[in-house]
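K.L.:
how does the following fold in three dimensions:
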Amino acid sequence: MSNLTSDYWEQLAKTQIELKEKIEKDNWRLDYHLMPETGWMNDPNGLVQFNGTYHVYHQYVPDNPDGGLVHWGHKTSKDLVHFTEEEIFLSPDQTYDKDGVYSGSAFVKDDEIHFFYTGNVKHPGEHDYTFSGREQNTVHVVSKDGFTVDYREVCIPHEDYPEGFTDHIRDPKVFEKDGMYYMVLGARALNHRGKILLYKSDDLYTWTYHGIFLEGEKEMGYMWECPDFFELPQSDILILSPQGLKATEYEFENPHQAGYYLGRTDWKTHQFIPESEFKELDRGFDFYAPQTFLDESGRRLLFAWMGIGDTVPEYSNPTVPRGWQHALTMPRELTVENGLLKQRPLVEYQTLRQKEMALKESIDGQYELTVPQQETFELLVDVEKLDGDLSIHLKEDTVLTFDGNIFSLNHGVSGYGRSVRSVEVGNLERIHVFADTSSLEIFLNDGDYVITSRVYPKQLKENILIEGQTDLALSYWELKK
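P.N.:
Numbering: from 1, shown residues only. Coordinates of the predicted model:
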């Protein structure tokens, strides 16, 4: 029996109608990024391509842009560029998930999709909901089409988790290796260190604990969320979102991080062995909880939440009074090259290009590229020669700068508190910018580094101003809505 009454659904429908009236007037709604129809969006969930259709599920609070009771929203696509809004896929209507259908993943087997997610429960009483009062169950869902639920049961109840951990164990990701199924779960140990738990199954229904896949050092944070393990020809990769890392001069500047280890897995001991330092996936203001999947053409693709975990007091999103908040990043293709996990925008997005301007320029001082008052565009800059500093002025008051070593994204008032994010690049060869109405994604050196940010300009510019002494090749495209 559902925990959500007919009154709840009636009120939700009424609230969504009211929010849509506000949203229709909002010019900060994104043109080619996934965003909530109404209300709040966070982590991407259950990413999968099934029988030719891409399914993107996500954390979704349809009636409140400030967050609340979490469902799984659902969007589908044939090309990862044009999406259709579908009905809510999962709702917190069971006793084992009554306080939220939290994050999880998808796995295809025998023409069925197996979903695994965390069912969140908060018990009444005097609890801190870290060391007591919280129940996080791992739930298994089976669907024959990605739209309907044919099976839904708890496969790992909270009380069966191993000892030595707080109540925070969540975000299952499932993969197959040598005919067996494995699940990684993010966890916070009682000693305030992040750990990745490993479970094993031979049928996807019954799971047994198989030990610690990776344990973090003290400086690697107190909680590891959203683990994601996969293999590429050059390396095994473990992605995770640690909480509690200390910021350095150019790294870990957000309250919570998302990054990866390159390494190898000892399948005798069932432990992941890092062979690289932990590296951030994105150096911008708005990036968290990434999830990857393998599509039917064999590409390893990534979506992430274009937001951040917990409240950031320094900056805000002015879309909240307009009825919605947050979005997902563009999908990115992953490869390992020269010891880095590179991220590139999908070639499918080139179908949005129109009205190209291409030029080669030797700039000595300033160069002004006249463009239409366009909110949504793509800019590709190949730096062929550079003497000294370089700056590129975009949108209302956003400036990209490079001083010969450090590349920075600088926002003015349109950042709504977002100021500066920097990355030590060394030699700058290419800047690839995707601008949407209220976002920027900047790919440096063909995907070696990425910087993602929300930005909310109130006035559109008619030019892109480039300053410095440089030889460059530049291409600019307006993008279709």
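K.L.:
tell me how far stretch 193-203 is from the chain's mean position?
P.N.:
22 Å (Cα atoms, centre = their mean, to the nearest Å).
K.L.:
can you list the domains in this structure?
P.N.:
6-345, 347-479 (automatic domain parsing).
K.L.:
now stretch 5-14, how far from the chain's geometric center?
P.N.:
30 Å.
K.L.:
next, the buried residues of that stretch.
P.N.:
residue 12 (16 or more other Cβ atoms under 10 Å). Where C-beta positions appear, they are placed from N, C-alpha and C, glycine not excepted.
K.L.:
contact partners of it?
P.N.:
Residues from elsewhere that reach stretch 5-14, judged by Cβ atoms under 8 Å, 6 or more residues apart in numbering: 62-63.
K.L.:
hmm, back to that, in CSV: the domains of the chain, plus mean pLDDT.
P.N.:
Listed next are the domains of the chain as CSV, based on pLDDT from 0 to 100:
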stretch, mean pLDDT
domain 6-345, 96
domain 347-479, 95
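K.L.:
dump the residue contacts of the residue of the chain most remote from its centre.
P.N.:
Farthest-out residue of the chain from its mean C-alpha position, per Cα atoms, centre = their mean: residue 364, at 39.1 Å. Contacts for residue 364 (Cβ under 8 Å, 6+ apart) come out as residue 469.
K.L.:
buried ones in the strand or helix carrying it?
P.N.:
Using DSSP states H and E, residue 364 falls within strand 353-370. Neighbour-count burial for strand 353-370 flags 363, 367, 369 (criterion: 16+ other Cβ under 10 Å).
K.L.:
from those, which single one is nearest residue 110?
P.N.:
residue 369 (54.1 Å; Cβ to Cβ).
K.L.:
apart from its neighbours in sequence, what residue is nearest the closest one?
P.N.:
residue 464 (4.4 Å; Cβ to Cβ, 6 or more residues apart in numbering).
K.L.:
buried residues in the helix or strand hosting the one you found?
P.N.:
Here residue 464 sits within strand 463-479, counting by DSSP H and E. When burial is assessed from 16+ other Cβ under 10 Å, strand 463-479 yields the following buried residues: 464, 466-468, 470, 472, 474, 476-479.
K.L.:
list the contacts of the residue nearest the centre of the chain.
P.N.:
Centrality entry for the chain: nearest residue to the mean C-alpha point is residue 304, 1.1 Å, by Cα atoms, centre = their mean. For residue 304, the contacting residues are 44, 258, 281-282, 287-291, 328-329, 452, by Cβ under 8 Å, 6+ apart.
K.L.:
could you do residue 4 as well?
P.N.:
91-93 are the contacts of residue 4 under Cβ under 8 Å, 6+ apart.
K.L.:
closest to residue 423 out of these?
P.N.:
So of these, ranked by how close each gets to residue 423 (Cβ to Cβ), first place is residue 92, at 38.6 Å.
K.L.:
so that closest one sits right up against residue 3, yeah?
P.N.:
Yes - using Cβ atoms under 8 Å, residue 92 makes contact with residue 3 at a distance of 7.2 Å.
K.L.:
which residues do those two both contact?
P.N.:
residue 98.
K.L.:
neighbour count: the two, which is higher?
P.N.:
Shown here are residue 92 and residue 3; by other Cβ atoms under 10 Å, residue 92 has more neighbours (21 against 13).
K.L.:
phi, psi for the more buried one please.
P.N.:
phi -80, psi 70 (degrees, to the nearest 10).
K.L.:
mind checking how far it is from residue 60?
P.N.:
11 Å (Cβ to Cβ, to the nearest Å).
K.L.:
what's the overlap in contacts for those two?
P.N.:
With Cβ under 8 Å, 6+ apart as the test, residue 92 and residue 60 both reach 70-71.
K.L.:
report the separation between the closest residue to residue 317 other than its chain neighbours and residue 19.
P.N.:
Nearest non-adjacent residue to residue 317, counting by Cβ to Cβ, 6+ apart: residue 325, 5.2 Å away. In this view, residue 325 and residue 19 are 11 Å apart by Cβ to Cβ.
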